[in-house]
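# Mind folding the following:
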Amino acid sequence: MAQPSTPAGAPHSLNNQVGPVLTPGSAASSNNTFLMPNSPMKRRLSTDGYQPKVTRTLGQRPACLVNASVTYCGNNQIYAFGGFDQYTDEVYNHVLKLDLVSYQWSLVDNYGDIPGVRMGHTATLYQGDKLLIFGGENEHRAYLSDLIIFDLKTAHWTQPTVTGTIPKGRARHAALLHDDKLFIVGGITGHENYVLDDICYLDLKTFTWSRAWKFVARYDHSVYVWNDRVWVFGGLSADMDKIGDIWWLDLKGSPAFDSPPLFGSLDRQAALSRISGSARASYGIAPSPPVVGSSGYAANSSSAQVNPLLFQRRTSPLVAPGAISSLKFVSGPNIPAQGSGMHFHVYTSGTLLDFVTPAATITPQECSLSALDLDTLRWQKLAEGQDIFKLGYRWHYCTMNEDGTKAWLLGCPTDPTATDLGPGGFEEYLSDIMEIDLSRYGILGNKMSPEPCAETSRPASTIVPPSKGLGGDLAKLFNLHPDTGSGTDFTITALKDGDWDDEELVSSSMMHTADQGQQQWLSPDASTSPPIYVHKLILQARWPHFARLYKSQMEEFHTKRMHIPEPYSVVKAFLYYLYTDSIFPEDCAELNDVAGLLVMSNIYNIPHLRLLCVNRLSKELDVKHACVIWHCAGIANEDWLRKRAASFCLMHWGRIVRTPGFQKLPRQAIVELSQEIDEEGRVVGAEELEYVGGLGGSRFGFGGAERKVSVGSSQTQTLGSEADENEEMEMT
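All right, here's what the predicted structure looks like:
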């Protein structure tokens, strides 16, 4: 590639071998636009990263039924119920269980008020040992609105007596459990399969249905509660279009959602549901004939919960008593396109996860694992398709544990020679399962999720303790001089400044591992920070390394002092974490400090701190801190975060090399970061960039429109009418 001449005073890039780069304030021209494409070749050849494992199951494997329910129910068990066999046209009511220790499927003998066959229902885990089955569609295309409870301990079915306004029968709806209420959202119903746009709930303390309110018309969608809001994403519209926008309903402050539903004498549907058969005739109501499935069990024939078809009319409910909002994601490199491929949506710790799995309609390069933070409504790509999905499989169902730390995909091979099920078996049975450890991608899980972000910001320099709990009380005593009566009885010092200079960036990698318990601490000198006053009892209880050190009665035991050769701000944040379990922005404002905490979590083997750091660093990755995060992730052996930060650095290379963090990296680290690009990577600029389509080149993921005008580093130019007609050409 011919290189243009270097303008006077313009700095050169590494080793002066890749041509000139103008400073941000320089004039824009076609000769100063460069790309450093990050070829996927290196990622495909890499074997040191995490990839979920696929396991072949045994036993009575269920067919790949359509619209069955597959639910993780704790104790390493997954339950499957119902569904439709597209090859035999049969609808089932079988209960099957998969043991995740032996990977053995078994047919569950079940008793009691066994429900009829159904598909398109929902199964919701309640109180850890019960499955709430609601609605669905039977083999006669009748839509059901009954609730049946399956006791996982006794394998016994019961059908409770319910009151209130029984919702319309429906299938392919969504259900969620919140505050002892089972919320039902959307679905399809009626002979015309029209799409419902309502939301209602069943109070599980009184088994009383609320009235229905108008929300959003969807089916095959997902629903979640976070920050006192009901979130709805994905699914199909009335026009059978796949939807990529997100809707939410504010529950907070609404008496209709905060209090149990009222049951009054004017509740016509509920009153009619209690009328006997003889009384129905006097009212002129036709009796509902029993519907018997192929299994021989009556499909809710004796149930007072099924609404007569007379009342399955299309009525428009009142709008829900809360603010309803929506957001449409137009385009973006991290936004998974919902229009093609097989998507599975699950929620954990305020995050929507979108598994874009291999399908006949998309290429493997289009598969991915993406995450939407519901607090910031920002998408990020957690993993490329080749890093999470193995070739040769098709996935049909996805389920997640209650903690939100693991997800399972169930499916089958696409190659008939790769199965032991005989001819055609690869199309009919859920023979394989893939377990995904979400903590490897920085997902906190529901039990460790932070409180939703406050709407008001706090000064970055102020540490505000939690407002409640033991950690909040202990935080009030953190770093107070013993003379104040705080009870602090131990002193810790660190490096004097919190700035990241060359020595401090490499100090963590040179430290001795804490597991050996015999680490030689640097002697305090002129660079020692002010003392941090702590309680040795808290450190002994929360810091295993300190407990071992103190038990061995080493020098620190006698002097009641310790020096940690890390930046003062990092050490202070680490000790504050030991008091509060928190490193969130109100407690630890700087990402450089969080990167340092990641290294310390690896040295001292503190998994909880490690997960908090990876979660926050991945969400807040930016130009200013990207290279420091990359460097510290390498020291801490966090391969996934290191890859993510490296890709970000290469994507924004021109800005990254001008940050203080990059300029203060050790020389060897700069070389390693430069070599993150594979051997086939190169810098493309000037006329060659226009030849391959510029920033609109399809190779770089922005569509195939020809680029007519170059874009400088300090300005954005209009791409003309051709770009205006292509919404994918929008640039920020």
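# check contacts around residue 94.
62, 81-82, 107 (C-beta atoms under 8 Å, 6 or more residues apart in numbering). C-beta: built from backbone N, CA, C; applies to glycine.
# Just flag the most distant two among the residues you listed.
Across these, no pair lies farther apart than 82 and 107, at 13.6 Å, counting by C-beta to C-beta.
# neighbour count winner among these two?
Neighbours per residue (other C-beta atoms under 10 Å) separate residue 82 from residue 107, with residue 82 holding more: 25 against 12.
# Is that one in contact with residue 136, as I believe?
Yes - with contact defined as C-beta atoms under 8 Å, residue 82 counts as touching residue 136 (6.7 Å).
# Touching both of these two, which residues are there?
Common contact partners of residue 82 and residue 136 (C-beta under 8 Å, 6+ apart): 67, 118-119, 121.
# Pull the most distant pair out of those residues.
67 and 118, at 8.9 Å, using C-beta to C-beta across these.
# Need the overlap of contacts for these two.
With C-beta under 8 Å, 6+ apart as the test, residue 67 and residue 118 both reach 82, 136-137, 171.
# out of residue 67 and residue 118, which sits in the busier spot?
Set residue 67 next to residue 118 and count neighbours by other C-beta under 10 Å: residue 118 wins out with 31 against 17.
# check contacts around the more buried one.
Residues in contact with residue 118 (C-beta under 8 Å, 6+ apart) are 82, 91, 93, 133, 135-138, 144, 171, 299.
# What about the residues you listed, which one has the most neighbours?
In terms of neighbour count, residue 136 stands highest of the contacts of residue 118 at 34 neighbours, by other C-beta under 10 Å.
# For residue 127, grab the count of nearby residues.
Using other C-beta under 10 Å, residue 127 has 10 neighbouring residues.
# so what's it scoring on pLDDT?
Looking at residue 127, its pLDDT reads 95.
# and it, backbone torsions?
When read as degrees, to the nearest 10, the backbone of residue 127 gives phi 60, psi 20.
# which residues sit in contact with residue 79?
The contact partners of residue 79, taken as C-beta under 8 Å, 6+ apart, are 69-71, 73, 95-98, 108, 123, 131, 152.
# Go through the strand or helix carrying it and flag the buried ones.
In the assignment (DSSP states H and E), residue 79 maps to strand 77-81. Going by neighbour count (16 or more other C-beta atoms under 10 Å), the buried part of strand 77-81 is 78-81.
# repeat for stretch 643-653
Within stretch 643-653, the residues scored as buried using 16+ other C-beta under 10 Å are 643-651, 653.
# Keeping just the C-alphas, turn that stretch into PDB.
Extracted C-alpha coordinates of stretch 643-653, given in PDB (Å, rounded to 0.1, in the frame of the first residue of the first chain):
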ATOM      1  CA  LYS A 643     -10.600  -9.900  24.400                       C
ATOM      2  CA  ARG A 644     -13.500  -7.500  24.800                       C
ATOM      3  CA  ALA A 645     -11.200  -4.600  25.800                       C
ATOM      4  CA  ALA A 646      -8.700  -5.400  23.100                       C
ATOM      5  CA  SER A 647     -11.400  -5.400  20.400                       C
ATOM      6  CA  PHE A 648     -12.600  -2.000  21.700                       C
ATOM      7  CA  CYS A 649      -9.000  -0.600  21.600                       C
ATOM      8  CA  LEU A 650      -8.500  -1.700  18.000                       C
ATOM      9  CA  MET A 651     -11.900  -0.300  17.000                       C
ATOM     10  CA  HIS A 652     -11.000   3.100  18.500                       C
ATOM     11  CA  TRP A 653      -7.200   3.000  18.000                       C
END
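# Residue 239: how many residues sit nearby?
7.
# Just send the shared contacts of residue 67 and residue 118 back as JSON lines, with distance to residue 447 too.
Formatted as JSON lines, the shared contacts of residue 67 and residue 118 follow (distance: C-beta to C-beta, whole Å):
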{"residue": "82", "distance to residue 447": "30"}
{"residue": "136", "distance to residue 447": "31"}
{"residue": "137", "distance to residue 447": "35"}
{"residue": "171", "distance to residue 447": "33"}
